[in-house]
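1. fold the following, please.
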Amino acid sequence: MLLLGVVGFGVFAGLLGLFLKHNYLLVMLMMLEYCMLSLFFIMSMFLLELSGDLYFMLFFLTVSVCEGVLGLGILVSMVRSYGNDYFMGLSVLQC
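-> A predicted model of the protein is given here:
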């Protein structure tokens, strides 16, 4: 039960770090991956304890990998276009 509390704190810390004002896209992507990894660990503990279906874990891991790939693709295109990954300098209204 203590392990679940520690991992739950990891999810909370990752979300708190994600919602704080960060200037760089790479830091935000790392916080999002930390949340996904903590959620995957919680889900694996519950599903292995309940003898649940492990295919959902594989699906969740696949979706989180796709999310990471899309984030890194956006990061690469942003660095090529603007020269840095400074997130606050990016405006939605620019063409």
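2. mind listing what's buried along stretch 9-20?
-> Neighbour counts using 16 or more other Cβ atoms under 10 Å place 10-11, 14, 17-18 of stretch 9-20 among the buried residues. C-beta: built from backbone N, CA, C; applies to glycine.
3. dump the residues you listed to a markdown table, plus distance to residue 85.
-> Conversion of these to a markdown table gives the following (distance: Cβ to Cβ, whole Å):
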| residue | distance to residue 85 |
| --- | --- |
| 10 | 25 |
| 11 | 25 |
| 14 | 19 |
| 17 | 17 |
| 18 | 16 |
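4. and the residues you listed as JSON lines, adding pLDDT?
-> Compiled in JSON lines, those are given as follows (pLDDT from 0 to 100):
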{"residue": "10", "pLDDT": "74"}
{"residue": "11", "pLDDT": "76"}
{"residue": "14", "pLDDT": "76"}
{"residue": "17", "pLDDT": "78"}
{"residue": "18", "pLDDT": "73"}
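5. and which of those residues is nearest residue 51?
-> For the buried residues of stretch 9-20, the minimum distance to residue 51 (Cβ to Cβ) is 23.7 Å, reached by residue 11.
6. could you say what helices and strands the top helix by length along the chain packs with?
-> Of all the segments assigned as helix in the chain under DSSP state H, the longest by residue count is helix 55-82. Helix 55-82 is packed against helix 25-49, with contacts defined by 3 or more Cβ pairs under 8 Å, 6 or more residues apart in numbering; DSSP states H and E.
7. what's the helix it packs on in contact with?
-> Identification of contacts with helix 25-49 by Cβ atoms under 8 Å, 6 or more residues apart in numbering yields 3-4, 7-8, 10-11, 13-15, 17-18, 22, 52-54, 56-57, 60-61, 64, 67-68, 71-72, 74-75, 78, 85, 87.
8. drop anything exposed from those residues.
-> Looks like the contacts of helix 25-49 have 7, 10-11, 14, 17-18, 22, 57, 60, 64, 71, 75, 78, 85 buried, using 16+ other Cβ under 10 Å.
9. spatially central residue in this protein, please.
-> What sits nearest the mean C-alpha location of the chain, by Cα atoms, centre = their mean, is residue 32, with 2.1 Å.
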